[in-house]
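>>> pasting the structure only:
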C-alpha cells in the first residue's frame, strides 16, 4: 500500500491531541497549525516500523475530524450501540459446544457477514495475518468428512491414530460415536467448517488463531447458531497429507483448530450456571 490516506479535517479538529496520544506507533504529530499529520516515512508501512492499522486515531477523535484508509468516521458504530454487560453475560452463558445440527446450510451472505466481523479480532502487534478458509456448502462438507473417515479407518488398521491418540483413545471414540456424534466423530456432522490460520513466525502466530476461534464461537451464538471448536480432526489430518491439502492451507501458515458451525438441532431453554469453577487468586506485591 502506497499510502494509508491519513487525513485530519482542519475545520473539525479541536487540537485536543487525543489521536497523537493514542497512537501506539508514535507516528502522528502536530504541524505548524496544530493539525495532526502522519510521518511521511511511516505512511504505507505496516507494523512496528510504521502504522499498526489499529484506527485508534479515527476512533478516539471526539469530533470525527480524523480519517484513515479512506474510512468515513460517520460510518463507525458508536459505543452506545454496543452490547451492555447484561447482554454479554447472557450471550456467554447461553453459548455451548454444539454436536447436533440441522441438515441445512447457513446462507452464504450471513457467513460472510460473520467473517467480516472477525477482521476486528486482536492479533499480535496488530499484524493481521489471519486467513479464513470456510466450507460454505454442506455437499462439500460431506465429501470431506467421508474422505477423512475412510482414511482414518485405513490408518487405524496400520496402528496409526489421530494426532497423539492411542489405540485405547481411538476405541473410546468409536464407543462414544453412536450417542455423541452419530456417524461422524471427526466433524460432528456440522454442515460448515472454518479453518483460521496465521503466518508462521510473524507476531503471535500460535495464539492469534485461537483468539479468533473464541471470537467466532461467540459470533455464532449471537446469530443463533451452534458451533464447536475441534482439535480431533486436526490430529486426524496430521497423518493425511493428501487430504489435508484440500483445506488449501499454505505450508508457511499455521492452524491448530477447526470450527464446526450451523443451525443447532434443538434450542436450549436457558443458560448454564457455572459459578464456583474459576480459580481466582489475588496478586499483591
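Nice, I can see it. As the structure is a computational prediction, the values presented were derived from the model and not from experiment. Numbering: from 1, shown residues only.

>>> list the buried ones in the longest helix along the chain?
Longest helix in the chain by number of residues (criterion: DSSP state H): helix 138-156. Neighbour-count burial for helix 138-156, with 16 or more other C-beta atoms under 10 Å as criterion, is recorded at 138, 141, 144, 145, 148, 149, 151, 152, 155, 156. The C-beta positions use only the backbone N, C-alpha and C, and glycine is treated the same way.

>>> Helices of the stretch 101-250 of the chain, start to end?
Here the stretch 101-250 of the chain has its helices, by DSSP state H, counting those that start in this stretch, at 108-117, 138-156, 167-180, 208-222, 232-237, 241-244.

>>> out of those, which comes closest to residue 253?
helix 208-222 (9.5 Å; C-beta to C-beta).

>>> Parallel or antiparallel, which strands does the longest strand seen in the chain pair with?
The longest strand of the chain (DSSP state E) is strand 192-199. When pairing is defined by DSSP bridges, strand 192-199 lines up against strand 131-134 (antiparallel), strand 253-254 (antiparallel), strand 258-262 (antiparallel).

>>> Can you tell me which of those is most buried?
Most buried of these, by mean neighbour count (mean count of other C-beta atoms under 10 Å): strand 258-262, with a mean of 25.

>>> Need the strands paired with strand 192-199 in a markdown table (columns: distance to residue 9 and mean pLDDT).
Formatted as a markdown table, these follow (distance: least, C-beta to C-beta, whole Å; pLDDT from 0 to 100):
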| stretch | distance to residue 9 | mean pLDDT |
| --- | --- | --- |
| strand 131-134 | 35 | 97 |
| strand 253-254 | 40 | 97 |
| strand 258-262 | 41 | 98 |
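
>>> Nearest to residue 191, out of the ones you listed?
Closest among the strands paired with strand 192-199, once you apply C-beta to C-beta, is strand 258-262, at 4.1 Å.

>>> before we move on, back to that, could you provide the strands paired with strand 192-199 in JSON lines, with additional columns for distance to residue 55?
What follows is the strands paired with strand 192-199, written out as JSON lines (distance: least, C-beta to C-beta, whole Å):
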{"stretch": "strand 131-134", "distance to residue 55": "20"}
{"stretch": "strand 253-254", "distance to residue 55": "25"}
{"stretch": "strand 258-262", "distance to residue 55": "26"}
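
>>> Cheers, nothing more for now.
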